[in-house]
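Visitor: Build the 3D model from these lines:
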Amino acid sequence: MTVASTASGLLAMLQEQQPQLKKYALHNLNSLADSFWHEISASISTIESFYEDEYFEQRELAALVASKVFYYLGEHNDSLTYALGANSLFDVLEDSDYVRTLVAKCLDHYIALRKTREGEGATAIDPRLVAIVERMLDKCMQDRKYQQAIGMALDSQRLDKLQEAIRKSENVPGMLAYCFRLARTHVDKREFRQEVLRLIVNQHQGLHSPDYLTVCQCLMFLNDPQTVANILDKLIKGDKIEALLAYQIAFDLFENENQLFLLNVRDRLPEARAGSSSGGGENTETTEQNGMMDVSTSAEAATNVEDSQDNIYVDRMGKLKGILSGETPIHLTLQFLYSRNKSDLLILKTIKHSVETRNSVCHSATIYSNALMHAGTTVDTFLRDNLDWLSRATNWAKFSATAGLGVIHRGHLQQGRSLMAPYLPQDGGTGGGSPYSEGGALYALGLIHANHGEGIKSFLLESLRKTNNEVIQHGACLGLGLAALGTADDEIYEDIKHVLYTDSAIAGEAAGIAMGLLMVGSASDKAGEMLTYAHDTQHEKIIRGLALGIALVVYGREEEADTLIEQMTRDQDPILRYGGMYALALAYRGTSNNSAIRRLLHFAVSDVSDDVRRAAVLALGFVLCSDPTQTPKIVSLLSESYNAHVRYGAAMAVGISCAGTASSEAISLLEPLTSDAVDFVRQGALMAMAMVLMQATEAREPHVAVFRRQLDKIVSDKHEDTMSKMGAILAYGILDAGGRNVTISLQSRTGHDRVMAVVGMAVFTQFWYWYPLTYFVSLSFAPTAFIGLNHELRMPKFDIISDAKPALFAYPAPTAPPSVNVNIKLPTAVLSTSGRSKSKAKKDTDAKTKAEKQPDTSSQMDESSSGKEAAKDGSEAMEVDSAVEKKAVNPEATSEVLSNPARVIPLQEKYVRFPEGCRYAPVKRTPAGFVMLRDLEPSEPVELVSTDSPASPAPAGGANGAPAAAPIPMGGVDLEPAPPEPFVYVP
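Guide: Numbering: from 1, shown residues only. The predicted structure follows:
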């Protein structure tokens, strides 16, 4: 076989007049282009002219040769143009770098055109480009690479090919689950994502046994409560397993915290009424009169069966509505947090004694920390034991102290109002007490009923209408916003707007935030009305409240909110630009959208306002909360900025995004910031570090012990700045939040964002300007619990296994009490070995005395004998030491048995499993949260868990009107005993 050494002869043929010679030359040049492209490039203009000649028969071949030459020249755009001109001669199945590169180029170009197809000036897509992409999709399906085909179809927004790939796959349910996961994490256009979810729902409905768990999650994204209600109604009419599935769906929907959607589903469920038995009685009497006893018996039996079925349906519907309204899951969570409370009161006592009584900032921070430590546990022992200390809170500090009870008793829906009764305005108006306590009590009611305020909204609204005191209005607005979160109630909105228009700085700020809380995620036109008033008012506090409120209105709206975001970010007022950063953060929360990240980074380095730059960096934490591993990488350079506000924002962004992960990258980034030269940077870094290390143990992350010692040092150091000390105190509260049984989580286990958690974290970051907003961080707390329930929504006794060392996920060890130094001389304990030593020493002394009177030979004999005795004593001591060393060391367990309900933190979930032979099996394979259980031995008696429940006594007021907790029985709370008093040992 002849090997060509040059392409000059073939290139000369291109100048011939005969088409056959040109065809021969092009055919051979095509096969030699990989080796002699540098020579062919000199004649590229001639080859291009062949392609442009419409009468030339081999113009497609000329295009293919030109495409290869331009590819090797690095001109990929020109190469793609000529490859498209080659039509079928460009073989997408060819295994070469040239084909693979151009196919990838085709896909990228096609995807870019598809994403802009509906925009202004969108160009028509070349049919040749479409043909190449479709050939690639068909090839993937022919090769059974269905996941690759689904990914390409989603990227190119081809629903027809997506549907085809799902239908052709051997495992349709698995492909639908894969598609659902990709739609949530990789599809960046909200409108197209909804089309994909609708397609998934339709495909599931065509299956013999649909995955209703996934279907209902899709319908929640699509905001279709009617279809969800229909599915739930159908399931509870089925057998016991289908009813369990309906309960599991309801619990999963509850975890997403979309109050408006849950209430819409509940209201669309039919009213369940038990069947009347009177009709059956009349039929029985009629049959008896006719003398047909056999028919009477059968009719009565049929009636009893129908009544039994009706009663079962009524019971199931009642349980289902209890889950959707939040009553059942909140009650179960309250039981868990109360019975498993592991708060360390000694930490709070140490903080209280270390903080100067004149320092009101640290005094308030200690109250905040106590509330966060006991969030949802209903345990207020610290407040009861320190009434005199608590009574020093005045004015707004009293407002915050009273509101802290709302965090402690959060979820106590039935007794919330009675708990706060001593502090509430009487008859809806001011009761003659301190307006700060009354306003704080209304705020506390909102925190207790946050996102579940159906039973308290009317009272809060009445209290708002009957008062003109701006402090009470402030608390009522915040309480109403929390209780009616996301309901978009027009009546409440008008009353809050009336407060806003009074132009009171204090009440107006709360009104602006409350309007945003009320309309969260609605993208209502009322946002424009709020923006107009923000331009009209002169109060910075009102503008800031409205700016945050507008950001809340566009929550989750993504590109739909871009117009309003652009308007805010271009505003001359830096406070509105600050709100624009939060609007970007909340509109694109958890999407990792590249456009949003790019815009935030631009403002982080270019805006003239430090507040805007700080907010822009902090907002990255919300956008990236679904991918926490990326946040430290993106903000690493910003954490080294010369601007202290940017460094603070970087610390908080990492804390928000990486909360509860114990990420080593996050810890490495935050560690130098905890010793920053600027006090507020240290404050933010300490709180962010506490968020990252929540529920982390020293066995898994050694930095936990180092961080706790650092907090101890900062709190006890009298020369430390107040800002840093406040950050350390709040860090304690976050680190041990909820009795050490909760973590900060902005996303549910199903992948949906937790609305209340994201909103709470966004408002919490405003504590920079207004300390009472610190309590909003409690809204982002998620219980780390495994709660198994049977068909009666009761907790049966059974065990699960955690295949990990217990020390990796155990509770932190309780703080050791400080040692007490007592200057009392105690008698020395006399040991038997000491007695022998003294007797030996006495013998030595006597022997020495005798030796002075005797010759040297005798003294040498005494020395040898004493040496033997010393050796004997030494051997006895060695025997004692060796006995101590021989103590058995128990090997560390490699697994742990957990009893229902159990504390299972997110990092532990992958190790949890049901043991073999377990009586109960989960309806859904999930290692945590609310898990419905199938009883595999229904004929056996069921043993239920007896869980302590928080009591609901009548509350008692504190000294001088200071808020004090209601007396709570301590039987269910596991507290450390007090250290013993100093004593004198008497032998």
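Visitor: How about the contacts made by the closest residue to residue 515 other than its chain neighbours?
Guide: What sits nearest to residue 515 in space, not counting adjacent residues and going by C-beta to C-beta, 6 or more residues apart in numbering, is residue 549, at 4.7 Å. From N, CA and C alone the C-beta is placed, and that goes for glycine too. Shown in contact with residue 549 (C-beta atoms under 8 Å, 6 or more residues apart in numbering): 512, 513, 514, 515, 516, 517, 519, 530.
Visitor: Residue ranges in the stretch 751-900 of the chain under the pLDDT threshold?
Guide: 818-843, 845-890 (pLDDT under 70).
Visitor: what about the helices in it?
Guide: For the stretch 751-900 of the chain, the helices defined by DSSP state H, counting those that start in this stretch cover 755-764, 832-853, 856-885.
Visitor: next one: the helix or strand containing the residue nearest to residue 515 to chain centre, how far?
Guide: Assigned by DSSP states H and E, residue 549 falls within helix 540-553. Centroid displacement of helix 540-553 relative to its chain, using C-alpha atoms, centre = their mean, to the nearest Å, is 24 Å.
Visitor: got the angle for that helix vs helix 755-764?
Guide: Here the directions of helix 540-553 and helix 755-764 differ by 160 degrees (axes from the mean of the first three to the mean of the last three C-alpha atoms, to 10 degrees).
Visitor: CA atoms of the helix or strand just after helix 540-553 as CSV?
Guide: Next along the chain after helix 540-553, taking DSSP H and E as the criterion, comes helix 562-569. Extracted C-alpha coordinates of helix 562-569, given in CSV (Å, rounded to 0.1, in the frame of the first residue of the first chain):
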residue,chain,number,x,y,z
ASP,A,562,-36.0,40.0,36.9
THR,A,563,-37.8,43.2,35.9
LEU,A,564,-38.4,44.3,39.5
ILE,A,565,-34.9,43.2,40.6
GLU,A,566,-33.4,45.3,37.8
GLN,A,567,-35.5,48.3,38.9
MET,A,568,-34.3,48.0,42.5
THR,A,569,-30.6,47.3,41.8
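Visitor: and helix 562-569, what does it pack onto?
Guide: helix 526-536, helix 540-553, helix 574-587 (3 or more C-beta pairs under 8 Å, 6 or more residues apart in numbering; DSSP states H and E).
Visitor: For these, which has the smallest mean pLDDT value?
Guide: When mean pLDDT is averaged over each of the helices and strands packed on helix 562-569, helix 526-536 scores lowest at a mean of 91.
Visitor: Need the three-state assignment for residue 357.
Guide: coil (DSSP: H, G, I helix; E, B strand; the rest coil).
Visitor: swap that for residue 56, sorry
Guide: Quick answer, by three-state DSSP: residue 56 is coil.
Visitor: Against residue 86, how distant is it?
Guide: Taking C-beta to C-beta, to the nearest Å as the measure, residue 56 falls 13 Å from residue 86.
Visitor: Which of these two has more residues huddled nearby?
Guide: residue 86 (22 against 17; other C-beta atoms under 10 Å).
Visitor: Count the neighbours of the residue lying closest to the more buried one once chain neighbours are set aside for me.
Guide: Spatial nearest neighbour of residue 86, excluding adjacent residues (C-beta to C-beta, 6+ apart): residue 64 at 4.0 Å. Neighbourhood size, residue 64 [other C-beta under 10 Å]: 24.
Visitor: what's the answer for the one 4 residues further on, then?
Guide: By other C-beta under 10 Å, the residues close to residue 68 number 24.
Visitor: Next up, identify which helix or strand it is on.
Guide: Going by DSSP H and E, residue 68 is part of helix 59-72.
Visitor: again, but for residue 934
Guide: If you go by DSSP H and E, residue 934 is part of strand 929-935.
Visitor: Not counting its own residues, what contacts that strand?
Guide: 241, 244-245, 247-248, 251, 254-255, 329, 332, 749, 785-791, 796, 798, 919-924, 942.
Visitor: Just the buried residues of those.
Guide: Among the contacts of strand 929-935, those classed as buried by 16 or more other C-beta atoms under 10 Å are 244-245, 247-248, 251, 254-255, 329, 332, 749, 785-791, 796, 798, 919-920, 922-924.
Visitor: Can you tell me the closest non-neighbouring residue to residue 920?
Guide: Computed as C-beta to C-beta, 6+ apart, the closest residue to residue 920 that is not its neighbour in sequence is residue 933, at 4.0 Å.
Visitor: residue ranges of the strands in this protein, please?
Guide: Assigned by DSSP state E, the strands in the chain fall at 742-744, 781-783, 785-789, 799-802, 896-899, 902-903, 912-913, 920-922, 929-935.
Visitor: residues contacting residue 687?
Guide: Shown in contact with residue 687 (C-beta under 8 Å, 6+ apart): 652, 655, 727, 730, 731, 734.
Visitor: Could you double-check that the fifth one lies in contact with residue 690?
Guide: Meaning residue 731. Yes. Contact criterion C-beta atoms under 8 Å: residue 731 and residue 690 qualify, at 3.8 Å.
Visitor: I'd like to know how many residues surround residue 203.
Guide: Residue 203, neighbours per other C-beta under 10 Å, totals 20.
Visitor: what pLDDT does the residue nearest in space to the middle of the chain get?
Guide: Taking C-alpha atoms, centre = their mean as the criterion, residue 745 is the residue nearest the geometric centre of the chain, at 1.9 Å. Per-residue confidence (pLDDT) for residue 745: 92.
Visitor: Excluding covalently adjacent residues, which one is nearest to it?
Guide: Using C-beta to C-beta, 6+ apart and skipping residues adjacent in sequence, the residue nearest residue 745 is residue 782, 4.1 Å away.
Visitor: And for residue 58?
Guide: Once flanking residues are discounted, residue 58 sits nearest to residue 23: 5.0 Å by C-beta to C-beta, 6+ apart.
Visitor: Which pLDDT value goes with the one you found?
Guide: 83.
Visitor: what's the closest non-adjacent residue to residue 617?
Guide: Nearest to residue 617 is residue 649, by C-beta to C-beta, 6+ apart, at 3.1 Å.
Visitor: Tell me who's in contact with the one you found.
Guide: Shown in contact with residue 649 (C-beta under 8 Å, 6+ apart): 604, 613, 614, 615, 616, 617, 618, 638.
Visitor: By neighbour count, which of these wins?
Guide: The residue in these with the most neighbours, by other C-beta under 10 Å, is residue 616 (32 neighbours).
Visitor: For residue 381, give its distance to residue 711.
Guide: 22 Å.
Visitor: who's more crowded, the two?
Guide: More crowded of residue 381 and residue 711, by other C-beta under 10 Å: residue 711, with 22 against 18.
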